[in-house]
Structure formats: C-alpha cells, structure tokens
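In: What follows is a predicted protein model with its sequence.
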Amino acid sequence: MSSIAIRNLTKSYGSVQVLHGIDLDIADEEFVVLVGPSGCGKSTLLRMIAGLEDITAGDLHIDGTRMNDVSPQKRDLAMVFQSYALYPHMTVAENMAFSLSLRGKQKSAIEREVGDAARILHLEDYLDRLPKSLSGGQRQRVAMGRAIVRHPKAFLFDEPLSNLDAKLRTHMRAEIKQLHQSLGATSVYVTHDQIEAMTLADRIVVMNAGRVEQVGTPLELFDRPRTRFVAGFIGAPAMNFFEGKVELNEQGKPHTHIGPSPVALPEGMESQAGAIVTVGLRPQHIPVSAASTDGNARVELVEQTGCETNLLLKLAGIDFTVQTRDRLEVNAGDAVNLEFDSRNMHVFDSNSGQRLN
Amino acid sequence: MEMTQTTPAQASRPQSGARIGRNLTNLVFILPSVLLSLTIIGYPIFEVMRMAVSDVNRFGKIRGFEGLGNFLKVFQDPIFIQSSYQTLIWTVAVVGGTVLIAIPVAIILNEDFHGRSIARTIVLLPWAVSLAMTALVWRFVVNGDFGTLNLALTQLGLPFNNHPWLATAASAFTIEILVGILVSIPFTVTIFLGGLTSIPVTLYEAAAMDGATRWQSLTRITLPMLRPFLQIAIVLNVIYVFNSFPIIWIMTNGGPANGTDILITYVYKQAFAFGKLDVAAAASVLMFLVLLGFSVLYLFMTRQRGAAGQ
C-alpha cells in the first residue's frame, strides 16, 4: 500500500484547461473521495492518477516515485470503472485472474487468489459464468474482485455505483466501506453523489470547475464549509441561502434583514458594515413552529419522508427548505414561524464566495 | 396447483393473439418481395433442377427423363474433378488470404491517426469498381508483352522481359488469387471495422490497468472479441468467392488447359461452349448444394449471435 502526492497538476485539451493546478496528498490506507458536479474534472484527475490521461503539467508521485511518464501498466494501480468494463468473453474467474495471468503467476497461486476474492465478495457460485448472465450488483462485485486479487498499491474507483438502483447502491456502499476497513487499501473514489462521499470518505475533496474547493473530513465539510459552493454541495436537502447587507446596531453587533425583519448575524465576522454577504442555514438548523395567523413564513409544499418532514416555504419572497423531526400539523398555504439562530449560520462573501465567520 | 398452471396460459392468450396479428401484418408487408424472389430466383432454381435430371439438347429443349445420368457424367469427367480441386484451392486461398490481410488492416484503420479517413477511403475504393473492370486492368498489368508489371520488374533490373505470367497455370492461378484477395478486402475490412468499433474503449483501459501490453490487449481482448465477426466474414466470403466468375473468366477463361478452371467456369463452358446444358445443370445443382450448406451455416451463426446478444 502506498501514498499519492499530487503537485500543481494541470490538464489541458488543446487550449481548454480543465484542471487548474491541483494539490493533494493522499496518505497510505486513506480513503479519499473526489466529489463535485459533472464536468468539474474529478474523473479526469482520477484518470491522470491511473495513467489513462496524460499530465499536462505538474507532478504525480506514488510512494515517492514520480509517475508522470510511467505507463498505466506499470503503475500497479487497480481501477473499478463505472461501466465495470468486464471482459465479456471471459468467465468471472477468468476476469479476476486476467491481471495475474498476465504477470505469469502460477496457476495454483492464481486459483487461490481468485478463490479468496470470490469468498470475500460472495461470488463463489458464479465463477464459471459469463458477465452477461450476471446482475448489475454481481458485475460490480466482479469488477471489485478483479481489483482485489492484485493487491495493488491503490484502488481507483470511477463512479462505481452509479449504474445500480438506489437500494443496491446503499448496500454496495457499505460493502466497499467494509472492504476498505478489512484490506486497508489506499483508495481514491470519484462520485457526484455527496451522500456517497460523506459515508465513504476519510477525507473528501470537493472540486468545482477544475479546482479544489476544499479538502476535509466529512464533518469538517458539513460543519464549516470554506466556500459557498461547498456549503451548497454538501448536505441534503441543500443549504438555504439568502443575501443581505451587513448593518451594525448600537452595541456594534452585526445584523441584516430578511424583508422587513432584522436577523442577527454571527459575531466576529471578517466583514465591514455595508458589505453584501450570503447567509447559509441548513434545513435542519431552522426551528419551525406552527403559527395561527402571525407566522412569518408560508408553507408551499409538505414532503413527508416518514422520519422527517421537509417543508418548502416562502419568507419575504425567498425560498427556504426546512427539515424537522416534529410531526407538524401543517398544510400548503398555512403560516408558520421560522427562527434564525446566528450560531448555526454560515456567512460568505457574496462576491468571492469565501467564508467570513 | 391447477390455479398456477392455468393462470399463465390465460395471461399469455391475448398476448399470443396479438403476436399472430403482428406476424400476419409483417407477412403482408414482405409478400411482394417474397413473390418477386420466387419468380426471379425460385423459378430458375426449379428449372435448373428439372434440366439436371433430364436429357436436354443444346437449345434448351427437354427431350426426356435422364434420372441421375447427368450427375454420373459430371463425376466421370476428369475436368470436373480437377475444377473441384481448383475451386477448393481458389476458395481457401482467397478467403484465407483476405482474412489474414483484412484483420491487421482493419486494426490499423481503427486506430486514431492523421489521415485515417483518407486511408479508409483508399482501402474501400476497390469496392466501387466492378469485378470485371478490375480483372481487365490486371490482365493488362500482367500482360507479357506490354504489361506494366514486366516493365517495372525489368527497370528494376530483374529478368522478366516478356515473361508470360498468364501462360502457365501456376502463375496465372496465383495472380488470379491475389486479385481475388484484393477485391475481397474492402468488404471484409468493413466487417472487421464494425466488429472493432463494437469493442468498448474501457475494456482496453481496464486491460491496461490490469497490466496488459498492447500486444496482450490485441491477442487477449481484440482477437477473441472479433471471433464472431471472423466467422461471419469467412462464411460470407466463401459464399461470394466460391462462385465468383468474372476474375478467372476475364483473365484466363479457365485456361491454360483448364489449369485455372473452377466449378463456375466449368459450368459456363459446359453450357455455352459445349452445349451440354443438362450436364451443366447437374454441376450447378451440386454447387447449389454446397452453397446452401454455407448459407445455412451463416443463418445459424447469425441467429446464434442474435440470441447471445439478448
């Protein structure tokens, strides 16, 4: 197992630059998830680590060795593809044995490795089948098995679960996590699904438009997103945002307005009076209570998920989503009261998107 | 138990009714072409079979029933035996040579390189020229007295001044086989290119990650996955090449001394040079049976592929 170091990595296709100076250190045995919207460059970055894409500029080191000009065959990394990329003319056992047989390993050793992997992944009964006669989940397992048998320096996952249905995805997510815990293999995992990122990662790398927005543990990203983009990307339902001008009251405490009503802002912000800021509040952090007629917000839509209730509301013309565990007796059109607690607020500079508190 | 047995039957009844209706509609649509085929293809086949068991004069008039007599005459004709043997060589050599050349050509044309579309056009170009024209041009090229081949070889200092390439059966047949390969390549390359594009790029990426060199990718991914296309290319080419008439007829007329005759030129000569329409018909029926075998094989293979694709 091994560490991966990425220094000022750049990728251009002709004159179009898609990755702008990426810096990232992945420690031995760490599970790092690259997450971001489509086109943010996360898959390109993974493929550059794999050696399937050329590196335009910058350095890639694996275990301290510069890998820029090393072919994918010699990097000793295993990759699980979104399409699984199983060899359709080979059985499950042959698929898993392929890399070992290329290396000229002994037949008995190959059989042992494939048998071990099949046992871990519950594929023993399918070893003689062709990929086309397997279900999506089984194919996914074979793709994992093909990676496991090699004991590579690191595992690379390119959206491996996105072709599965929701239930199977949750199940395989847990299996991948358990597999990582038992094998302790350095893993780089690409996904656009922030739930997958949160649940799997030791550390998450949030990418946007070819840049790294923030690197941190799942809870760091959730609790203290460094940019407005990360705040909006991590967490479900997505964070609520409203814009306002910073004003100071007589005691010098900052506040702003939503419509006519003043809202206190967190103290100790790096901003001047008069600055335009974007305030973010998670749906879980806005207490809501049913109101008779004097409520400040109006319910537009009620979504019951069983455990939680999501309310889509309008307050002074601004959309808010609020999530509560209370069983509120409210319907669309009813008035409710929302409270804003400055301790839960994430304040960002409206121009740069950088965190201010 | 009874319930579970009757339920699916009841459920499938309206569905199978709809299927019959759909099949009927399909039948109506293909009926015109079926009728056309029966007239244009079916009638001659029937007529040839009738002539094969009859005594026919040189003007095509049936004089009486001959039974298997015509077939006996065919099998007793040493030239028929020789032509059969030469047909085997012709078919195996042309099809084999075509496939062996077409695979690397298709693989190269499938690579992404500068000028690929021009190269593809050049390879596919012979397809656009009629077989008769191609054969005629090559007859001129290898002509002993004024052919460009001898001119080129002589200018290279080689002793081929006035070398009569088509005067001996061995060299004439070799040249005809080479021309046969040349004209079969475009079609075959097209089949293989279709096969190659159907292989997903991620398979090669996965193989690269698994440590496969380019050569190992070729032998362990590309070629095995081309196999169904290879089978189809072989069978279709056998069907086309087996009774390909123009190249041999135009270049050598089956000569010298029947040395380049294949079954199709043998049949042609029997019918239109010697006026033995009945013997020609009997030989035609034999050829028809061979090709029928290959056609059934082709149908079987494409069916199997379709079933596997599901």
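Out: Looks like it came in fine.
In: can you pull the pLDDT of the residue nearest the centre of chain A?
Out: Nearest to the mean C-alpha position of chain A, counting by CA atoms, centre = their mean, stands residue A:197 at 3.3 Å. Residue A:197 is assigned 93 on the pLDDT scale.
In: Which positions in chain B make contact with chain A?
Out: Within chain B, the positions near chain A by CB under 8 Å from any CB of the partner chain are B:200, B:202-203, B:205-213, B:216, B:220-221, B:224-225, B:227, B:308. Yep, even glycine has a C-beta here, placed from its N, CA and C like the rest.
In: How many residues are close by the residue in the stretch 1-150 of chain B positioned nearest to chain A?
Out: Closest to chain A within the stretch 1-150 of chain B is residue B:112: 14.4 Å, counting by CB to the nearest CB. Neighbourhood size, residue B:112 [other CB atoms under 10 Å in any protein chain shown]: 5.
In: now swap in residue A:232 and tell me
Out: 18.
In: and what of the one 5 residues further on?
Out: The number of residues packed around residue A:237, counting by other CB under 10 Å, is 15.
In: just residue B:148 next, same as before
Out: Number of residues near residue B:148 (other CB under 10 Å) recorded here: 12.
In: could you measure residue A:351 against residue A:240, distance?
Out: From residue A:351 over to residue A:240 the distance is 20 Å, taken as CB to CB, to the nearest Å.
In: Those two: which is more packed in?
Out: residue A:240 (21 against 10).
In: Dihedrals phi and psi, the more buried one?
Out: For residue A:240, the backbone dihedrals (degrees, to the nearest 10) come out as phi -90, psi 140.
In: before we move on, what about residue A:17?
Out: phi -90, psi 120.
In: what does residue B:148 give?
Out: Per-residue torsions, residue B:148: phi -70, psi -20 (degrees, to the nearest 10).
In: distance of it from residue B:165?
Out: Distance from residue B:148 to residue B:165, counting by CB to CB: 12 Å.
In: same check, this time on residue A:105
Out: Separation of residue A:105 from residue B:165 (CB to CB) stands at 55 Å.
In: if we can go back for a sec, and the residue nearest to the centre of chain A, how far is that from residue B:123?
Out: 49 Å.
In: Local confidence estimate at residue A:78?
Out: We have a pLDDT of 93 for residue A:78.
In: At which residues are the helices of the stretch 151-300 of chain B located?
Out: For the stretch 151-300 of chain B, the helices defined by DSSP state H, counting those that start in this stretch occupy B:169-197, B:201-209, B:214-217, B:223-242, B:246-252, B:263-268, B:277-309.
In: Repeat that for the stretch 201-350 of chain A.
Out: Taking DSSP H, counting those that start in this stretch as the criterion, the stretch 201-350 of chain A carries its helices at A:218-223, A:228-233.
In: I'd like these as TSV, with mean pLDDT and distance to chain B appended.
Out: Formatted as TSV, the helices of the stretch 201-350 of chain A follow (pLDDT from 0 to 100; distance: least, CB to the nearest CB, whole Å):
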stretch	mean pLDDT	distance to chain B
helix A:218-223	95	28
helix A:228-233	94	27
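In: Kindly reformat those as a markdown table containing distance to residue A:121.
Out: Putting those into a markdown table (distance: least, CB to CB, whole Å) gives the following:
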| stretch | distance to residue A:121 |
| --- | --- |
| helix A:218-223 | 26 |
| helix A:228-233 | 32 |
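In: Of these, which stretch is the most buried?
Out: Stretch with highest mean neighbour count among those: helix A:228-233 (a mean of 23; mean count of other CB atoms under 10 Å in any protein chain shown).
In: Now do the same for residue B:9: its pLDDT.
Out: Per-residue confidence (pLDDT) for residue B:9: 43.
In: before we move on, what about residue A:3?
Out: Per-residue pLDDT puts residue A:3 at 92.
In: quick one: the nearest residue to it once chain neighbours are set aside and chain B, what's the gap?
Out: Spatial nearest neighbour of residue A:3, excluding adjacent residues (CB to CB, 6 or more residues apart in numbering or on different chains): residue A:28 at 4.9 Å. Residue A:28 sits 20 Å away from chain B, going by CB to the nearest CB, to the nearest Å.
In: Would you agree residue A:28 falls within a strand?
Out: No - with DSSP: H, G, I helix; E, B strand; the rest coil as the criterion, residue A:28 is located in coil rather than a strand.
In: My understanding was that it contacts residue A:4; is that so?
Out: No - using CB atoms under 8 Å, residue A:28 is not in contact with residue A:4, being 9.2 Å away.
In: More neighbours: which of the two?
Out: Remark: of residue A:28 and residue A:4, residue A:4 carries more neighbours, 23 against 14, as counted by other CB under 10 Å.
In: I figured that one was touching residue A:64, is that so?
Out: No - contact between residue A:4 and residue A:64 fails when scored by CB under 8 Å: they sit 10.3 Å apart.
In: Neighbour count for residue A:105 and residue B:165, which is higher?
Out: Using other CB under 10 Å as the criterion, residue A:105 and residue B:165 rank with residue B:165 on top: 20 against 16.
In: Could you report the neighbour count for the spatially closest residue to the more buried one that is not a sequence neighbour?
Out: Spatial nearest neighbour of residue B:165, excluding adjacent residues (CB to CB, 6+ apart): residue B:142 at 4.2 Å. Using other CB under 10 Å, residue B:142 has 22 neighbouring residues.
In: what does residue A:160 give?
Out: Other residues lying near residue A:160 total 27 when counted by other CB under 10 Å.
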